[in-house]
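# let me see the structure of the following:
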Amino acid sequence: MIKSVRGFKDILPEETPAWSWLEAQAREILVRYGFREIRVPILEKTELFARSIGEATDIVEKEMYTFVDRNQERLTLRPEATAGIVRAFIEHGLHNRPKPIKLFTIGPMFRHERPQKGRLRQFHQIDVEVFGAQSPGTDAELVVMALDILEAGGARNLRLEINSLGCPDCRVPFREELREFLLARKERLCEDCQRRAERNPLRALDCKNEVCQAEYREAPELTNFLCEDCRAHYEAFKAYLSEAEVSYQVNPRLVRGLDYYTRTIFEIKAPGLGAQDTVAAGGRYDGLVSALGGPDTPAVGFAIGIERWLLVSELPAELESPPELFIAPLGEEAARVTLRLARSLRARGIRVEADYEGRRLKALLRQADRLSARKVLILGEDELQKKEALLKDLETRTQEPLPFENLTDLVNRILIDLRF
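Residues are numbered from 1 along each chain as shown. Have a look, this model is predicted:
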């Protein structure tokens, strides 16, 4: 037997209703906020991610699924969605449209990391992006929308952490001071952080090693290096959150794992997920569009991890609706009539199950009961001769004959009445 690849999970029929319900909650709120869906490929040129995420990041160096195709082109399964959406934004001239442009996508991402609770090697995200808006009010509105989505899906006791990474000018003196801080402790840091100290010091702060984190408690804080514009942006962002009555915690060690972020960054955490408790995260990336060949365009976005969202959500008790009617044909002629009748009722919005396997009535009634159907329409030889069907109520155990004439209308009316 061939099994699935490690870190790649089948989502079975009994699981998909929860996924569909959560995605429906997200879509409804996204539309209220004026977002439109975009669908981009899961396969992109490797260069796109190296240039956007950063060559010295763990994602690019260790975690991407990359291969050379038959045309000797290096391709990668997307490890995140923002880069692909930015590429589409530039390629299709979306930057020429009236701004802001609000986009979202839902789908799988791929990273070769250790499979853990709520995060496999194929994982799914709701990704949200806004192009052409530079106000900190837009940043705050995205945070509010992320919370609205998560709470609509039943997530509770969420915690918002924020920070500012400033602009490239802010980071030059900070990077040098942080580099000196790391090199002074290099022998006490993990192997990855020793390497990061030279190549990309900011990434060291994102390390999950407890020993490293203990060392970083005295590390310099980027917010102390913010230029006047970045500081004003950050303070305004916090003022917007306060006005919206959104509580938050300032986390000066928050850096995120992608190099394209500038100014605002945030993470939304949920209880019950252990150390990896981030369920949504994002921030501003004002330089990414131009870095990938487009015009200077301010941008901000976030992503929700659907697997983690599922783990912390209080879902409705019933996510699947049982069939409203089960049609039980007895004999081949009755089965042919059933096909026409079932199609007609489904066209009117009725949920109908039918069986064409020639089972006996007792077996058909058991099947209807397993499916939790309330009504069973029995069609046998006697019913065909009398030109009437027998409608049985599995809850009350009563039954009534219904004439073939206007049968669809009669059954439809009875079933619609049951809904109310």
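# got the contact list for Pro100?
Contact analysis of Pro100 by CB atoms under 8 Å, 6 or more residues apart in numbering lists 130-133, 138. All C-beta spots, glycine's among them, are computed from the backbone N, C-alpha and C.
# for Thr278, that is, sorry about that
Counted by CB under 8 Å, 6+ apart, Thr278 has contacts 267-269, 305, 308.
# need these in CSV with neighbour count and secondary structure, can you?
Below are those laid out as CSV (neighbours: other CB atoms under 10 Å; DSSP: H, G, I helix; E, B strand; the rest coil):
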residue, neighbour count, secondary structure
Glu267, 21, strand
Ile268, 23, strand
Lys269, 20, strand
Gly305, 21, strand
Arg308, 26, helix
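# so which of the residues you listed is the closest to His124?
The closest of those to His124 turns out to be Gly305 (CB to CB; 7.5 Å).
# correct me, but Ala18 touches Ala317?
No. Using CB atoms under 8 Å, Ala18 makes no contact with Ala317, being 11.6 Å away.
# the more surrounded of the two?
Ala18 (20 against 4; other CB atoms under 10 Å).
# name the SS class of the more buried one, please.
Three-state call for Ala18 (DSSP: H, G, I helix; E, B strand; the rest coil): helix.
# Ser164 - how many residues pack around it?
With other CB under 10 Å as criterion, Ser164 counts 28.
# that one bridge partners, please.
Thr264 (DSSP bridges).
# of the contacts of Pro100 - the most surrounded one?
Val130 (25 neighbours).
# show the backbone phi and psi for it.
Here is the backbone geometry of Val130 (degrees, to the nearest 10): phi -130, psi 130.
# ok, it - contacts?
Here Val130 is in contact with 100-103, 138, 142, 299-301 (CB under 8 Å, 6+ apart).
# mark which of those residues are buried, thanks.
If you count burial by 16 or more other CB atoms under 10 Å, the buried members of the contacts of Val130 come out as 100-103, 138, 142, 299-301.
# using CSV, lay out those together with pLDDT.
Formatted as CSV, the buried ones among the contacts of Val130 follow (pLDDT from 0 to 100):
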residue, pLDDT
Pro100, 96
Ile101, 97
Lys102, 98
Leu103, 98
Thr138, 97
Leu142, 97
Ala299, 97
Val300, 97
Gly301, 97
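# now render those as TSV, adding secondary structure and distance to His233.
Below are the buried ones among the contacts of Val130 laid out as TSV (DSSP: H, G, I helix; E, B strand; the rest coil; distance: CB to CB, whole Å):
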residue	secondary structure	distance to His233
Pro100	coil	17
Ile101	strand	21
Lys102	strand	20
Leu103	strand	23
Thr138	helix	11
Leu142	helix	14
Ala299	strand	14
Val300	strand	11
Gly301	strand	16
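# helices and strands of this structure: which one bottoms out on pLDDT?
helix 58 (a mean of 73; mean pLDDT, DSSP states H and E).
# next structured bit after it?
Proceeding N to C from helix 58, the next assigned helix or strand is strand 65-68, under DSSP states H and E.
# how far away is Pro108 from Arg78?
Pro108 is 8 Å from Arg78, where distance means CB to CB, to the nearest Å.
# overlap of the contact sets of these two?
Ile42.
# related to what we said a few turns ago, what is the nearest of the contacts of Pro100 to Leu394?
Val130 (51.6 Å).
# number of nearby residues for Phe104?
By other CB under 10 Å, the residues close to Phe104 number 22.
# list the beta-bridge partners for it.
Beta-bridge partners, per DSSP bridges, of Phe104: Glu37, Val128.
# Ile126 is in contact with that one, correct?
Yes. The criterion here is CB under 8 Å, and Phe104 meets it with Ile126 at 6.7 Å.
# returning to that earlier point: look at Pro108 and Arg78 and report which has more neighbours.
Arg78 (24 against 15).
# gap between that one and Ile42?
Taken as CB to CB, the span from Arg78 to Ile42 is 5 Å.
# now Leu147
According to CB to CB, Leu147 stands 28 Å off from Ile42.
# what residue ranges in the protein are flagged as low confidence?
Counting by pLDDT under 70, the chain has low-confidence residues at 55-56, 257-258.
# run the last query once more with 50
Counting by pLDDT under 50, the chain shows no low-confidence range.
# thinking again about what came up before, can you lay out the contacts of Thr278 as JSON lines showing distance to Glu151?
Output for the contacts of Thr278, formatted as JSON lines (distance: CB to CB, whole Å):
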{"residue": "Glu267", "distance to Glu151": "16"}
{"residue": "Ile268", "distance to Glu151": "10"}
{"residue": "Lys269", "distance to Glu151": "14"}
{"residue": "Gly305", "distance to Glu151": "16"}
{"residue": "Arg308", "distance to Glu151": "15"}
